[in-house]
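Novice: Okay, predicted coordinates and the sequence, questions at the end:
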Amino acid sequence: MSNNTIDRFGERVTRRIASYSSRRGFLSRLGMALVAAPVLPLLPVARARAQNLPTTPGKETNFTLHAQTKDEKNCTYWRYCALDGTLCSCMGGGIHTCPAGALASPTAWIGTCMNPDDQKSYLVAYHDCCGKNSAQPGRECQCDSTDRELPIYRPQSNNDIIWCFGQPSFTYHCSVALLVGQAS
């Protein structure tokens, strides 16, 4: 095929496509794709398989080896495997409730934590409680668990962000751990 033949073929294909579509339609679809693209990483996905959870003895993470199920005011409580912040259970709230005067953020980061009692993994959503100034709790209530934390380019699994988006005040108070369900 000569260049001239290729050019004519390309021109015919381009003209045919142009006769069935408009620039506005193309720009509209391109704009929708550009607006929707940043939302895709925020969609929920099966994180248990993506994080290569330990299944064989000796492959447990440091947090999993020391996790406990009795004291929810301690950073080693099993649901806190990816919590970075102050425990609301030490600040007048509970494991899944904000203290009076603080509002839970509508956004959250997530983690997959193993319950040492039943050896099953669970999906846990961590919400920051916002809008109330924080008193300084003891060191035992300041957690920085990075078990299976993902880099900042996966914000839904990163605990270094203050998640007070959507609240009237961006003031961080404490964090709660909501059990979403069993990870598959």
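Specialist: Nice, thanks for sending it over.
Novice: what separates the helix or strand harbouring residue 33 from the chain centre, distance-wise?
Specialist: In this structure, residue 33 sits in helix 23-36 according to DSSP states H and E. Taking C-alpha atoms, centre = their mean, to the nearest Å, one finds helix 23-36 lying 28 Å from the centre of the chain it belongs to.
Novice: ditto for stretch 110-117
Specialist: Its chain's C-alpha centre and that of stretch 110-117 lie 15 Å apart, by C-alpha atoms, centre = their mean.
Novice: Ok, stretch 78-89 next?
Specialist: How far stretch 78-89 lies from its chain's middle: 14 Å, per C-alpha atoms, centre = their mean.
Novice: Just checking, which helix or strand of this protein averages the lowest pLDDT?
Specialist: Across the helices and strands of the chain, mean pLDDT, DSSP states H and E gives its lowest value to helix 47-50, namely a mean of 47.
Novice: is it true that residue 132 lies in a helix?
Specialist: No: assessed with DSSP: H, G, I helix; E, B strand; the rest coil, residue 132 is coil; it does not lie in a helix.
Novice: That one: what's it in contact with?
Specialist: Counting by C-beta atoms under 8 Å, 6 or more residues apart in numbering, residue 132 makes contact with 99, 101, 102, 169, 171, 173. Backbone N, C-alpha and C define where each C-beta goes, glycine included.
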